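Colleague: attaching a predicted model along with its sequence, questions to come.
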Amino acid sequence: MKPDLRVNFAGIELKNPVLSASGTFGYGYELSDLISLGRLGGIVTKTITLEPRHGNPQPRIAETASGVLNTIGLQNIGVKAFVEEPLEKLHKTGAPVIVSVAGASVNEYVGAVKILNAQKGISGIELNLSCPNLKKKIICHDLPLMSGIIKSVKKISKVPVIAKLSPLVTDIAELSLVAQKSGADGVTLANTYPAMAIDVKTFKPKLSTVKGGLSGECVKPMSVRCVYDAYSVLRIPILGCGGIMNGEDAVEFMLAGASAVSVGTASLISPKNIIKVIDGIENILKEKKIKTAKEIIGSLKGGLRSRRE
Ligand SMILES: Cc1cc2nc3c(=O)[nH]c(=O)nc-3n(C[C@H](O)[C@H](O)[C@H](O)COP(=O)(O)O)c2cc1C
């Protein structure tokens, strides 16, 4: 029998637990000639801001051992242009759309969400509170600011609000709890890891901004640990993210406590990888004769944790 892959994430019904990760899948519709986007559990768009942004100067991408460093710097067309064209096209994909939003202040987040509120067919908002590639400090390192953004957006949003957090903190469980207390309906764990690389031929940094965000296979164990730590304390669900390349990786995140996962760098290697992740989860459940994807969420055996209710 085919396992039932459906999960509910933060009140959003997903046909399977696999979403595209923000910024690695364009606005979300561009890949429709290459893969059947309707098969995805959901699409998290590239981060959108109130005003258009050029992003950071080149070079913005550098490969590392088992990973990628990026400093895109939130290049995007701005929310008004986004709702005119990409959003229209996204509706046609048949996948639930979660719009990723960022800004430099509470007002910028709220302004963007007000415009999105007037649109149909948006299933959720992911607040990018963790971009490591901007001149200012990472938003979730400023707890009052992060909390103010979540509270203000939650007050006006018509759809569930998910807080995407940085793994670069002393205690990810504590940070996730602050997001929960501020009203988030879910958290995404985690964004990229601030990192850098130097070209020893030129003695120059490999990225224009010197430092960037590290993603891909090399970050997976650290992001699984983030999910594990946060799951022990949270009531709200977790979207696991970081280095997911196949079904086994996705199942690992779910066993640690993720209700769903998002796939980033793997889609840069091949957009078809995200479909392999969905099929891979299904095969593992079949092999183990597990009937539903939701029963594996947090079902790690032998983990030394007591889940606080
Ligand atoms: C090229 C690139 C661009 C990204 N842009 C965004 C973005 O705009 N917003 C965001 O929240 N995360 C962004 N991310 C982070 C990913 O969504 C994801 O959290 C991170 O890459 C870890 O997952 P992965 O190892 O599967 O890539 C970006 C990552 C990459 C590699």
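Modeller: Right, received. Where do you want to start? Residues are numbered from 1 along each chain as shown.

Colleague: now the residue of the stretch 151-300 of the chain found nearest the ligand: closest residue in space that isn't a chain neighbour?
Modeller: Nearest to the ligand, among the residues of the stretch 151-300 of the chain, is residue 264, at 2.5 Å (C-beta to the nearest ligand atom). Yep, even glycine has a C-beta here, placed from its N, CA and C like the rest. Of all residues not flanking residue 264 in the chain, residue 21 sits nearest, at 3.4 Å (C-beta to C-beta, 6 or more residues apart in numbering).

Colleague: any idea how far that neighbour is from the ligand?
Modeller: Distance of residue 21 to the ligand, given as C-beta to the nearest ligand atom, to the nearest Å: 3 Å.

Colleague: residues contacting the residue of the stretch 151-300 of the chain closest to the ligand?
Modeller: In this structure, residue 264 makes contact with 20-24, 215-216, 241-242, 244, judged by C-beta atoms under 8 Å, 6 or more residues apart in numbering.

Colleague: and residue 86, by the same measure?
Modeller: Applying C-beta under 8 Å, 6+ apart, we find residue 86 in contact with 27-29, 45, 77.

Colleague: now do it, the pLDDT please.
Modeller: Model confidence at residue 86, given as pLDDT, is 93.

Colleague: which regions of the chain sit below the pLDDT cut-off?
Modeller: Residue ranges of the chain with pLDDT under 70: 304-309.

Colleague: again, only using 50
Modeller: Scanning the chain for pLDDT under 50 picks out 309.

Colleague: would you mind listing what in it touches the ligand?
Modeller: 21-24, 46-47, 68, 70, 72, 74, 100, 128, 164, 191-192, 215-216, 219, 241-244, 263-266 (C-beta under 6 Å from any ligand atom).

Colleague: which one is whichever residue of the stretch 1-150 of the chain sits closest to the ligand nearest to, not counting chain neighbours?
Modeller: At 1.9 Å from the ligand, residue 23 is the closest residue in the stretch 1-150 of the chain, using C-beta to the nearest ligand atom. Excluding the flanking residues, the one nearest residue 23 by C-beta to C-beta, 6+ apart is residue 46, at 5.1 Å.

Colleague: ok so that neighbour is a helix residue?
Modeller: No. According to DSSP: H, G, I helix; E, B strand; the rest coil, residue 46 belongs to no helix; its state is coil.

Colleague: correct me, but it touches residue 27?
Modeller: Yes. In this structure, residue 46 is within contact of residue 27 by C-beta atoms under 8 Å, at 5.5 Å.

Colleague: who has more neighbours, these two?
Modeller: Neighbour totals were compared for residue 46 and residue 27, and residue 46 leads with 23 against 19 (other C-beta atoms under 10 Å).

Colleague: show me the contacts for residue 294.
Modeller: Residue 294 neighbours (C-beta under 8 Å, 6+ apart): 6-8, 259.

Colleague: hang on, I meant residue 104
Modeller: 134, 136.

Colleague: any idea which element it lies in?
Modeller: Using DSSP states H and E, residue 104 sits within no helix or strand.
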